[in-house]
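Peer 1: any chance you could fold what I've pasted below:
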Amino acid sequence: MAFTIQAIQLIRTRLAEYAVLVKLRLTLLVVFSSVFGYFLGADVIQGSILLLVVVGGLFVTFAANSMNQVLEKDYDRLMKRTQNRPLVTGTISVSEAVLFSGISCVIGVVSLAAINMWAALFGMISFLLYAFVYTPLKRIHPIAVLVGAIPGAMPVFIGWVSGSGMLAQEGLLLFSLQFFWQFPHFWAIAWLGHEDYSRAGFKMLPEASGLPTRETARQSLIYASMLTILPILFYVFGFTSWLGLGILLLLGAYYTRAGYSFYRLLDDGSARRLLYASFLYLPMALIGLFVDQWLLG
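Peer 2: Reported below is the predicted structural model:
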């Protein structure tokens, strides 16, 4: 009995370490985007395809996040928010994490390939851009945020092509929605964690100086305000009705208002409110589009 309890505790500890390695909460948001991208792209929802979307999204993201931590291990130990990650503490070895990343990538891409080659191609591009371009670029130039926003917007696009089987303007609109959403989200995080990021040499703010100034807030406001314009294109291309347009416009206005508050007040409180607004915006926008398309026809 004691052996069984000990084994269960060991398994729980190991799973908790891997949950940190793969950034499980972030991964679940990625899969959420992929699933709703699939819902919006499919004419008929098929359980088998949906399962492949979930598995593919999970494992490609597992691969990217674990490889990200392998490449940043020496820098993670310099930041308070990451100094207890398993690669830093040694509870997971680098070789084990690399092997896990490789196996996860294969599982994820093969799962997406079972849907169609578009999904597999963009899944692989997402992994490569995130792990081997965005990750090292973070210590070189603030353009890393722009580069990182590409794989960051891929999940909903991969879901779309998994459902539709083709490239179309609707999928590109979904990609654009998640792409623009990321900049205020990332910069709010970078503003709040500036000291931590600076210790590791990460250049996450848009200023050339790397210091938090009004330029961060200005650009956050610009990108947030794009989400009050993009919904019009959703409507023009027939991707949503008046209902979906209204939902997206209200959410965009809410996000923009948070961005303006950040621009006006320029403090941690307003940056935190912008971050909270970003957490609300994306799931509500995707759910709103789903309700418009599937439940109300």
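Peer 1: show me what the helix or strand of the chain with the lowest mean pLDDT is packed against.
Peer 2: The element with the least model confidence among the helices and strands of the chain, by mean pLDDT, DSSP states H and E, is helix 2-21, at a mean of 83. Secondary-structure packing of helix 2-21 (3 or more CB pairs under 8 Å, 6 or more residues apart in numbering; DSSP states H and E): helix 47-71, helix 86-89, helix 94-113. For the C-beta atoms, the positions are set from N, CA and C on the backbone; glycine is no exception.
Peer 1: and the longest one, what's buried?
Peer 2: The reference is to helix 47-71. The neighbour-count criterion (16 or more other CB atoms under 10 Å) identifies 49-50, 52-71 as the buried residues of helix 47-71.
Peer 1: then the shortest one?
Peer 2: Buried residues in helix 86-89, counted by 16+ other CB under 10 Å: 86, 87, 88.
Peer 1: what does it rub up against?
Peer 2: Contacting residues not belonging to helix 86-89 are listed as 17-18, 20-21, 69-70, 73, 76-77, 82, 92-94, 97 [CB atoms under 8 Å, 6 or more residues apart in numbering].
Peer 1: format those residues as JSON lines; extra columns: distance to residue 190.
Peer 2: Output for the contacts of helix 86-89, formatted as JSON lines (distance: CB to CB, whole Å):
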{"residue": "17", "distance to residue 190": "26"}
{"residue": "18", "distance to residue 190": "27"}
{"residue": "20", "distance to residue 190": "21"}
{"residue": "21", "distance to residue 190": "22"}
{"residue": "69", "distance to residue 190": "18"}
{"residue": "70", "distance to residue 190": "22"}
{"residue": "73", "distance to residue 190": "21"}
{"residue": "76", "distance to residue 190": "16"}
{"residue": "77", "distance to residue 190": "20"}
{"residue": "82", "distance to residue 190": "14"}
{"residue": "92", "distance to residue 190": "27"}
{"residue": "93", "distance to residue 190": "30"}
{"residue": "94", "distance to residue 190": "27"}
{"residue": "97", "distance to residue 190": "25"}
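Peer 1: low-scoring stretches of the chain, by residue?
Peer 2: Counting by pLDDT under 70, the chain contains low-confidence ranges at 1-3, 208-210, 297.
Peer 1: domain parsing for this protein?
Peer 2: What the record gives for the chain is the domain set 1-167, 168-297, from automatic domain parsing.
Peer 1: and the furthest pair within the contacts of helix 86-89?
Peer 2: Of all pairs drawn from those, the widest gap by CB to CB lies between 18 and 77 and measures 19.1 Å.
Peer 1: need the helices for the stretch 151-297 of the chain, in chain order.
Peer 2: Assigned helices in the stretch 151-297 of the chain, in chain order: 169-192, 194-200, 214-226, 230-236, 242-265, 268-290 (criterion: DSSP state H, counting those that start in this stretch).
Peer 1: tell me which of the ones you listed sits most buried.
Peer 2: The densest packing among the helices of the stretch 151-297 of the chain, expressed as mean neighbour count by mean count of other CB atoms under 10 Å, is seen in helix 169-192 with a mean of 22.
Peer 1: would you mind pulling up the elements that that one packs against?
Peer 2: Packed against helix 169-192 by the contact rule (3+ CB pairs under 8 Å, 6+ apart) you find helix 24-41, helix 144-164, helix 214-226, helix 230-236, helix 242-265, helix 268-290.
Peer 1: pull the CA atoms of stretch 21-32 into PDB?
Peer 2: Included here for stretch 21-32 are C-alpha records, laid out as PDB according to Å, rounded to 0.1, in the frame of the first residue of the first chain:
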ATOM      1  CA  LEU A  21       7.800  22.200 -19.200                       C
ATOM      2  CA  VAL A  22       5.000  22.400 -21.800                       C
ATOM      3  CA  LYS A  23       3.400  25.500 -20.300                       C
ATOM      4  CA  LEU A  24       0.100  23.700 -20.000                       C
ATOM      5  CA  ARG A  25      -2.200  26.700 -19.500                       C
ATOM      6  CA  LEU A  26      -0.800  28.400 -22.500                       C
ATOM      7  CA  THR A  27      -1.100  25.100 -24.500                       C
ATOM      8  CA  LEU A  28      -4.800  24.800 -23.500                       C
ATOM      9  CA  LEU A  29      -5.400  28.300 -24.900                       C
ATOM     10  CA  VAL A  30      -3.700  27.300 -28.100                       C
ATOM     11  CA  VAL A  31      -5.900  24.200 -28.400                       C
ATOM     12  CA  PHE A  32      -9.000  26.300 -27.700                       C
END
